[in-house]
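K.L.:
Just need the structure, nothing else, for what follows:
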Amino acid sequence: MGHSIADIAKALGAEAAGDLSLLIDGAAEPAAAGPGDLALAMDPKYVDGISKGRAVAALLWQGADWQALGLRAVIFAPRSRMALSGLTQMLDAGPAIAPGIHAMAVVDPTARIGAGAAIAPFVVIGAGAEIGPNARIASHVSIAEGARIGADALIASGARIGARVVIGDRFICQPGAVIGSDGFSFVTPEKSGVEEIRQTLGQRAEIAQQRWERIHSLGSVTIGNDVEIGANSCIDRGTIRNTTIGDGTKLDNLVHIGHNVQVGRDCLLCGQVGIAGSSRIGDRVVLAGQCGVNDNIFVGDDVIAGGATKIFTNAPAGRVLLGYPAVKMESHLEMQKALRRLPRMMKNLSRTPDKS
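P.N.:
The predicted model follows:
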């Protein structure tokens, strides 16, 4: 059916010009855009592609001379990626799931399904579970007993939501995510080698045989509103209290949240981040890909950690971290500069005559 230029501009809070009734049903890079696409050229470096494509409308930078480009309509994007966020939201229809409960879904009679929910085939919903209004649940999802999911959820194929997990509104879960798996928690009857090393930082007494006894997870997981969980990510249930994820937090693919972890609001945890058990993450924390957080520590509000940073101790609020182990970013850069100078320094040192 498409969206008019006027409707798109209004939704984006942006200025538009030209034929505002023109209908758009997709978006494309300028050279690949067809007549029904909005060409995305929010930076002048992309504008040459417009002449190579067939677009008649474009999303351009503020003040662009759109008429000279032969366009019939334009939307101006003062903040390009923010405009892209709104545009993609308008154009993304999401998975096609028929309204209602598919005949091949298995829903326990005690489960409660909200109005307008769409539940695909091969979904399993356990006893006492609650699914909010307008939820969309794709095929092969399992939702265990007592789980509660808020309104307008979108749960993609193959996700697993464990017993008693509580999730807020507007939840997005990508394929294969597991929420509410048991925590990785074990103990030895006698002091283990790991405990000894924690105390001595490397010194070991005589090595003895040991066996691991399981500590079961009695808690569950609580997730706030507007949270997104990436594909094949895993959030462990708490040992006694729940593992928690705050409102607005986004997890990328392959993120692991250990048992008892508390993640604050509006955090961004990128691919392959791992947070060990019982750590606390503040609000608006950004952990780039492959960051690791040690167990039982606190990462303060507004911390930003660069890729592959390993945080072993408490991180103060607002700190920018990089490296292994994590240090201030400016310190890490100085350390790397010094490291690169070492070969030359050693050569110079070897040439220095011995005056002794």
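K.L.:
Domain ranges for this structure, per the record?
P.N.:
Using automatic domain parsing, the domain ranges for the chain come out as 3-91, 101-329.
K.L.:
can the ones you listed go into TSV with extra columns for distance to residue 344 and mean pLDDT?
P.N.:
C-beta coordinates here come from the backbone N, C-alpha and C atoms, glycine included. What follows is the domains of the chain, written out as TSV (distance: least, Cβ to Cβ, whole Å; pLDDT from 0 to 100):
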stretch	distance to residue 344	mean pLDDT
domain 3-91	38	95
domain 101-329	22	97
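K.L.:
Which of those domains sits closest to residue 335?
P.N.:
Put simply, out of the domains of the chain the one that sits nearest residue 335 is domain 101-329, at 7.3 Å, with distance taken as Cβ to Cβ.
K.L.:
Span of that closest one from start to end?
P.N.:
Using Cα to Cα, to the nearest Å, the end-to-end distance of domain 101-329 comes out at 52 Å.
K.L.:
Tell me how far it lies from the chain's centre.
P.N.:
Taking Cα atoms, centre = their mean, to the nearest Å, one finds domain 101-329 lying 11 Å from the centre of the chain it belongs to.
K.L.:
what's the answer for stretch 322-335, then?
P.N.:
In terms of Cα atoms, centre = their mean, the centre of stretch 322-335 is found 24 Å from the chain centre.
K.L.:
okay, the domains of the chain in CSV with mean neighbour count and distance to residue 340 next?
P.N.:
As requested, these are arranged in CSV below (neighbours: other Cβ atoms under 10 Å; distance: least, Cβ to Cβ, whole Å):
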stretch, mean neighbour count, distance to residue 340
domain 3-91, 17, 32
domain 101-329, 19, 14
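K.L.:
quick one: which of those domains is nearest residue 351?
P.N.:
With distances scored as Cβ to Cβ, the stretch of these nearest to residue 351 is domain 101-329 (31.6 Å).
K.L.:
residue contacts, the spatially most central residue of the chain?
P.N.:
With the centre of the chain defined as its mean C-alpha position, the nearest residue by Cα atoms, centre = their mean is residue 251, 2.2 Å away. Listed by Cβ atoms under 8 Å, 6 or more residues apart in numbering, the contact set of residue 251 reads 227-230, 233, 245, 257, 269, 273.
K.L.:
Beta-bridge partners for it, please?
P.N.:
The bridge-partner assignment for residue 251, based on DSSP bridges, gives residue 269.
K.L.:
residues in contact with residue 112?
P.N.:
Under the criterion of Cβ under 8 Å, 6+ apart, the neighbours of residue 112 are 129-131.
K.L.:
who does it bridge with?
P.N.:
Partner residues in beta bridges with residue 112: residue 130, with DSSP bridges as the criterion.
K.L.:
Now do the phi/psi pair for residue 85.
P.N.:
The phi/psi pair for residue 85 (degrees, to the nearest 10) reads phi -60, psi -50.
K.L.:
Not counting its neighbours along the chain, what's nearest residue 324?
P.N.:
Leaving aside its sequence neighbours, residue 324 sits nearest to residue 310 (Cβ to Cβ, 6 or more residues apart in numbering; 4.4 Å).
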